[in-house]
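J.: what follows is a predicted structure for the sequence shown.
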Amino acid sequence: MTIRVRRFCLSLLCAVFLRILPSAVAANPAPTSAEARTERYFESIRSNPNLLLAFLRDMPKGADLHNHLTGGVYAESFIQWAAEAGDCVDTATVNLSPGPCKAPLRPVADGFNDPALYAKMIDAFSMRNWQYSGQSGHDHFFDAFGKYWQATQGTVGKMLAESADRAASQHEIYQELMYPPGIKEIDALAKSVEWNDDFGKLEQELIAAGLPKVLARANHEIREDEAERDKVLHCGTPQADLGCQIEQRYLFQVARGRAKELVFTEILAGFLLSGADSALVAGNSHMLGLNLVMPEDWYVPMRDFPLHMQILSYLHARYPKVHISLHAGELVEGLVPPEGLRFHIRDSVDIAHAERIGHGVDVMNEKDPQQLLGEMAERNVMVEICLTSNAVILGVSGPRHPLSEYMRAGVPVALSTDDEGVARSDMTHEYLRGAEDQKLSYHQLKKMARTGMEHAFVPGASLWRDGRTFVIVTECLGDVPGAKPRSVACQKFVDGSEKARLQWELEGQFREFERRQWPIAFATQMKPQAAH
C-alpha cells in the first residue's frame, strides 16, 4: 500500500471517528453530581404535574416556620372531636357550641349520617368550595376559625399529633407552631389591670397581680399537651408513628385585634414564657418567641399597629434574646387605604426588631421598597412565604407575588404552610406552587429548605459558617454534610447544637434523595411525538 493510500485511509478513519464521537459522548455523558442529576430530572418533568407532584412529595423540606396550630388541622378532625365531646352545630351559621343540643341546634355527630350536614361543616371550616359561599376568600378564611373554635378546646394534644404526623408525611423535620397556652387565665389577668401608657409600670402591675403563677400553669399545660401528643402517636413504643420524629417548637400567639391591655399582657406573656426572665418564670424550652396574629386589615390592628410596635420595642430592649417573628404586609391594594400599605413591614423590622416576616406581600407598596429590601437582606431578615394562603386570601399569585423581588434583592426566603388545614393544602403543594406558579428550580427549592432551618429559632450554633451560600463550619471541613461525622471536632460540634443536628439531618435526607436513579430517559420518552 502506498503512503498516499495509507494517508487516505487514516484520514477516513479520523473522519468516521470524529462523526461517531459526539453520539458516543451523548450516550455516555460525563459523570455529574447527584444534585445536578436531580436538578436535570426535575427540569425534565417540570411540565408534567403528576411526576412533579410525586417528586416534590418525596423531596426533603426541612422546617415549617409559619404554621398556626389551630389552622393546621383539617375540618374532618374537628368534626370528629366535636362529635366525641357532644358538641352542637347551628345549621344556619355552622358555628359549633357545647352540648347539650336543643333545637334548632343539632348534635355534630348527626353529620356522620347526614352527608349534606357533614359537607356543610367541612365547607364552613375550610376553604373547600369557598367560591360558592357568597364571601370573598379573605372573609371566608377568617370566619372559619370562629365557627370551629369550640372543637379546639381541650384538643391541643390531638392537634399537635395531627400536625406532626402530616409533617412527617411531607418529609419535614421541624415545626414552629403558633398557639397561646394558658390564654384564658392570661386574658382574665389582663382585665384586672387598667391600661396606662407607662409600659414599665404596667409590666410591674401585671407581675404583682400574679402573672408569673399564671405562666407557670401555662408551662404545665404545654407539658400535658405534649404528653397527650406522644400518647396519640404511640411515641416510645414499637408502634411509634413517624410523627414522633418531628421536632415541634412554639411561638406564643398574640391576638392583636383586642383591647390594649390584653395585647400588652399577651406580648409580655410571650416574652416571659420564652425565657426572658428565669427569675420570674421558668421559661419553657419549647416556647421560642412570639408572633402577632389576626387579620392585619381589621380596625384595631390597623389603629393600634404603631402602639404594638412600641410595645415590642420596649420589651425587646428589656429582653433582647427573645425571638420575634411578625405577620406584616399581609395586605393588598383596596383592602386598606393606600397609606396603610406603606409602613407595616418596615416598622416591624426597624421598630419591633422582627427577625422574620410572615407573608410580606405588600412590600412593593412600602415607602422606598428597594431600600427596604436592601435593608432586609443586609440584616438577614427572612420572609416566610405562604403561596397558597396569599392566593386564596389576597388573590395574589404568579408574577404579582413579590417572591421574585425578595430573591432578586438577596432577602432570605422559605416556604411555609400558614394554615394547611383551613387551606386544604400541605407543604408538598406549597412546593408545587413554587415550581409551577413561581417557576422555582430544584436548586432554589433546596435552598429554601436549607434557609428555613437556618432561620429557625431552635437554639444552638448553625452548621453553616455562611448561611446564604451554605459554607460549612470550620469544625466540619473535610466532612460530608449529612454523612456520619468522621472527625472528632465535627461530631462534637453537631452533638452540641440542636440546630446543627437538625441541619445535619436535613443534609442526610438530601444525600439519600439525590442518590436516586432518576429515570431521565423515561421522562424524555413522555414528550409528544411529531405526527407522521
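T.: Sure thing, it's come through. Numbering: from 1, shown residues only.
J.: in stretch 180-188, what's buried?
T.: Across stretch 180-188, burial judged by 16 or more other C-beta atoms under 10 Å covers Pro180, Pro181, Gly182, Ile183, Glu185, Ile186, Asp187. For glycine as for every other residue, the C-beta is placed from the backbone atoms N, C-alpha and C.
J.: tell me which two in those are the farthest apart.
T.: Based on C-beta to C-beta, the longest span within the buried residues of stretch 180-188 runs between Pro181 and Asp187 and measures 12.4 Å.
J.: about what we covered before: let me know the closest of the buried residues of stretch 180-188 to His66.
T.: The shortest separation between His66 and any of the buried residues of stretch 180-188 is 16.0 Å, and it belongs to Pro180 (by C-beta to C-beta).
J.: show me what the strand or helix carrying Leu268 is packed against.
T.: Using DSSP states H and E, Leu268 maps to helix 260-273. With contacts defined as 3 or more C-beta pairs under 8 Å, 6 or more residues apart in numbering; DSSP states H and E, helix 260-273 has these neighbours: helix 183-190, helix 199-208, helix 211-232, strand 247-255, strand 287-293, helix 305-318.
J.: now do 10 Å
T.: Taking 3 or more C-beta pairs under 10 Å, 6 or more residues apart in numbering; DSSP states H and E as contact, the helices and strands that helix 260-273 lies on are helix 183-190, helix 199-208, helix 211-232, strand 247-255, strand 287-293, helix 299-303, helix 305-318, strand 323-328.
J.: indicate which one of those is closest to Met453.
T.: Using C-beta to C-beta as the criterion, the shortest distance between Met453 and those is 10.5 Å, found for strand 247-255.
J.: next, the angle strand 323-328 makes with that closest one.
T.: Per axes from the mean of the first three to the mean of the last three C-alpha atoms, to 10 degrees, the angle that strand 247-255 makes with strand 323-328 is 50 degrees.
J.: pLDDT on strand 247-255, on average?
T.: In this model, strand 247-255 has an average pLDDT of 98.
J.: now swap in stretch 475-486 and tell me
T.: For stretch 475-486, the per-residue pLDDT averages 91.
J.: what does that stretch contact?
T.: Outside stretch 475-486, the residues within contact range by C-beta atoms under 10 Å, 6 or more residues apart in numbering are 60, 461, 463-465, 470-473, 487-496, 500, 503-512, 514.
J.: out of those, which sit inside helices?
T.: Helix and strand membership here follows DSSP state H; of the contacts of stretch 475-486, those in helices are 488-495, 500, 503-512, 514.
J.: state the distance from the residue nearest to Phe78 when sequence neighbours are not counted to Ala85.
T.: Beyond its immediate neighbours in the sequence, the residue positioned closest to Phe78 (C-beta to C-beta, 6 or more residues apart in numbering) is Ala151, lying 3.9 Å away. According to C-beta to C-beta, to the nearest Å, Ala151 and Ala85 sit 8 Å apart.
J.: so which of these two has more stuff around it?
T.: Looking at Ala151 and Ala85 with other C-beta atoms under 10 Å, you find the greater number of neighbours at Ala151, namely 27 against 17.
J.: surely the more buried one and Ile79 touch.
T.: Yes - Ala151 is in contact with Ile79 according to C-beta atoms under 10 Å; the separation is 7.5 Å.
J.: which neighbours do these two have in common?
T.: By C-beta under 10 Å, 6+ apart, the residues touching both Ala151 and Ile79 are Asp87, Leu96, Val108, Met121, Phe125.
J.: pLDDT wise, what is the last one at?
T.: Right, Phe125. The predicted structure scores Phe125 at 98 on the pLDDT scale.
J.: can you tell me the closest non-neighbouring residue to it?
T.: Distances taken as C-beta to C-beta, 6+ apart put Ala75 closest to Phe125, at 3.8 Å, once the chain neighbours are dropped.
J.: the one you found: how many residues sit nearby?
T.: Other residues near Ala75 come to 23 when the count uses other C-beta under 10 Å.
J.: contacts only, for it.
T.: Remark: with contacts taken as C-beta under 10 Å, 6+ apart, Ala75 is in contact with 118, 121-128, 144, 147-148, 151, 421-422, 424.
J.: can you rerun that using 6 Å?
T.: Ile122, Phe125, Ser126 (C-beta atoms under 6 Å, 6 or more residues apart in numbering).
J.: and it, how far from Pro485?
T.: Relative to Pro485, Ala75 is positioned 44 Å away (C-beta to C-beta).
J.: what does Phe457 give?
T.: Distance from Phe457 to Pro485, counting by C-beta to C-beta: 24 Å.
J.: looking at stretch 455-471 now, give me its mean pLDDT.
T.: Looking at stretch 455-471 alone, the average pLDDT works out to 96.
J.: Ile173 should be in a strand, yeah?
T.: Yes - inclusion of Ile173 in a strand is indicated when DSSP: H, G, I helix; E, B strand; the rest coil is applied.
J.: got the contact list for it?
T.: Leu502, Glu505.
J.: and if we set it to 8 Å?
T.: With contact taken as C-beta atoms under 8 Å, 6 or more residues apart in numbering, Ile173 is in contact with Pro60, Gly62, Ala63, Gln245, Ile246, Glu247, Met453, Leu502, Glu505, Leu506, Gln509.
J.: verify the stated contact: the third one with Phe457.
T.: Just to be clear, that refers to Ala63. No - Ala63 is beyond contact range of Phe457, at 10.0 Å (criterion: C-beta atoms under 8 Å).
J.: kind regards, and thank you for your time.
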